[in-house]
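A.B. asks: what's the 3D shape of this:
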Amino acid sequence: MGDVYQALADATRRLILDELSERDGQSLFELCSRLAMRHGVASSRQAISQHLAVLEDSGLVSSERSGRTKIHHLHTGPLREIVERWAIDRRSEP
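C.D. replies: Numbers count the residues shown, from 1 in each chain. Predicted coordinates:
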């Protein structure tokens, strides 16, 4: 679970998750383009690739090869685990 918190601690990684949430199944080139155009993120492809590696290690993103291109997908399971960890049963409150 600690890896998820570390992955979410970086603003660029959160933007990558936002982009994958809006449109799942993007290549590195697509993500870099969208981050630059929509958010003004001027990071190199290498830097974004490193961010994707952190997100993959945390279980928030997976990738698959399609020819020479890696396609990245969002996985929200680790986020659900965080929510469930501190879920409050509102029915028991006065």
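
A.B. asks: Are there helices or strands packed against the helix or strand in which residue 5 is found, and which ones?
C.D. replies: Per DSSP states H and E, residue 5 falls inside helix 2-8. Packing partners of helix 2-8 (3 or more C-beta pairs under 8 Å, 6 or more residues apart in numbering; DSSP states H and E): helix 11-22, helix 45-57, helix 77-85. (Each C-beta comes from the backbone N, C-alpha and C, glycine too.)

A.B. asks: isn't there a strand covering residue 62?
C.D. replies: Yes: according to DSSP: H, G, I helix; E, B strand; the rest coil, residue 62 belongs to a strand.

A.B. asks: dump the residue contacts of it.
C.D. replies: If a contact means C-beta atoms under 8 Å, 6 or more residues apart in numbering, then residue 62 has 56, 72, 73, 75 as its contacts.

A.B. asks: any idea of the pLDDT on the first one?
C.D. replies: Per-residue confidence for residue 56 comes out at a pLDDT of 96.

A.B. asks: cool, and residue 17?
C.D. replies: For residue 17, pLDDT reads 98.

A.B. asks: looking at it, residue 59 is touching residue 76, isn't it?
C.D. replies: No: taking contacts as C-beta atoms under 8 Å, residue 59 lies outside contact range of residue 76: 9.9 Å.

A.B. asks: Name the residue in those two with the higher neighbour count.
C.D. replies: Neighbours were counted for residue 59 and for residue 76 using other C-beta atoms under 10 Å; residue 59 has more, 17 against 13.
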